[in-house]
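Asker: Fold the following for me, if possible:
(one chain, ligands or ions: 1)
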Amino acid sequence: MKGTIVTSTALKPDAPTGATIIDGKAVALKMRDEQRARIEALQARGVTPGLAVVLVGEDPASSIYVRRKVKACEAVGIKSISHRYPATISNEELLVLIGKLNADPNVHGILVQLPLPAHIDMAKVLETIAPEKDVDGFHLYNVGALVVGRQIFPPCTPYGVMHLLEHSGIEIEGRNVVVVGASNIVGKPMALMLMARDATVAICHAKTRDLGQWTILADILVVAAGVPNLIVPQMVKTGAVVIDVGINRLADGRIVGDVDFEGVRKKASHISPVPGGVGPMTIAMLLENTIISAERTAGIRGPADEF
Ligand SMILES: Nc1nc(=O)c2c([nH]1)NC[C@@H]1CN(c3ccc(C(=O)N[C@@H](CCC(=O)O)C(=O)O)cc3)C=[N+]21
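Answerer: Model prediction:
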């Protein structure tokens, strides 16, 4: 058709287009309005969601994270109860505390901050938390549920990534996803959640030989390896969606992810930053799981709804 006008500045073939930045902080804050409303509905039925946060030892990073979680709880109306113990607490004492929290009807969620000191049997601790209060989703029962495609308490970080993908309108079904990092708290559950949505999923490691040969195939690349600058532009397919789960503190105190953000943003279609990407969503999903647990207690939801 005649008369189509293309202005001189509209299309420059080689200009870097630049990825859409996925603003996890904004999404997390937006979720709070809906979360507050659900908590009011619970309170009308006499239920105030309660989250017990257990912190063992004095690790400064853990203290900061726990403080963030407590503040986020306050902001939406979840009653959080912090239990701080010295690193010298015995296994038995910790298990007794968890038993008490399991039995307390005002506690709907129990979170034991990781890592735990070396003398504590982490597996035993996580298996002692009542599965119906396991808002981290780390109990074997909840891990097993995820393996068979049920989501009872999806682990907060990968659950947050799924939310970000959905919020950004990214199609998952049938697409190639590469997850770099195979931890129990991020990489493995991330892969399971994406498989449940019919993505083609490969799990790699920071140690994978020729990592770039794998990552270049990804329509969606999720990186949770804990290695700064692991992912550079030549490893990323043009137009890929890149989700950076890494949190690394550099010698100068700066926090960075696993992705060369400035380089990769020129090639990706969407990219999540660090900070301000997945981190705030992890906390948003912790609030979500705690509210879900309280809703189940109040009979508003069945024991395992579709998410
Ligand atoms: N039982 C247990 N459950 C956890 O969910 C758990 C845990 N243990 N241990 C440690 C990791 C780490 N984690 C984070 C949560 C929020 C941010 C977060 O909000 N990050 C901000 C700020 C980053 C910064 O400046 O430090 C951001 O990325 O924008 C980061 C990391 C939860 N974890």
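
Asker: for the nearest residue to residue 235 once chain neighbours are set aside, helix, strand, or coil?
Answerer: Once flanking residues are discounted, residue 235 sits nearest to residue 212: 3.8 Å by C-beta to C-beta, 6 or more residues apart in numbering. Where you see a C-beta, it was placed from the backbone N, CA and C, and this is true even at glycine. Secondary structure assignment for residue 212 (DSSP: H, G, I helix; E, B strand; the rest coil): helix.

Asker: per-residue pLDDT, residue 212?
Answerer: Per-residue confidence (pLDDT) for residue 212: 98.

Asker: Might you name the residue of the stretch 101-250 of the chain sitting closest to the ligand?
Answerer: Nearest residue of the stretch 101-250 of the chain to the ligand, counting by C-beta to the nearest ligand atom: residue 114, 3.8 Å away.

Asker: a helix runs through that residue, doesn't it?
Answerer: No - counting by three-state DSSP, residue 114 is not found in a helix; it is coil.

Asker: Next one: it from residue 65, what distance?
Answerer: In this view, residue 114 and residue 65 are 10 Å apart by C-beta to C-beta, to the nearest Å.

Asker: Just the element for the residue nearest the centre of the chain, please.
Answerer: Central residue check for the chain by C-alpha atoms, centre = their mean: the C-alpha nearest the mean position is that of residue 157, 1.2 Å away. Here residue 157 sits within helix 156-167, counting by DSSP states H and E.

Asker: I'd like the next helix or strand past that helix.
Answerer: Counting by DSSP H and E, what follows helix 156-167 is strand 176-180.

Asker: tell me the angle that following strand makes with helix 156-167.
Answerer: Per axes from the mean of the first three to the mean of the last three C-alpha atoms, to 10 degrees, the angle that strand 176-180 makes with helix 156-167 is 150 degrees.

Asker: in what helix or strand does residue 65 lie?
Answerer: Using DSSP H and E, residue 65 sits in helix 60-76.
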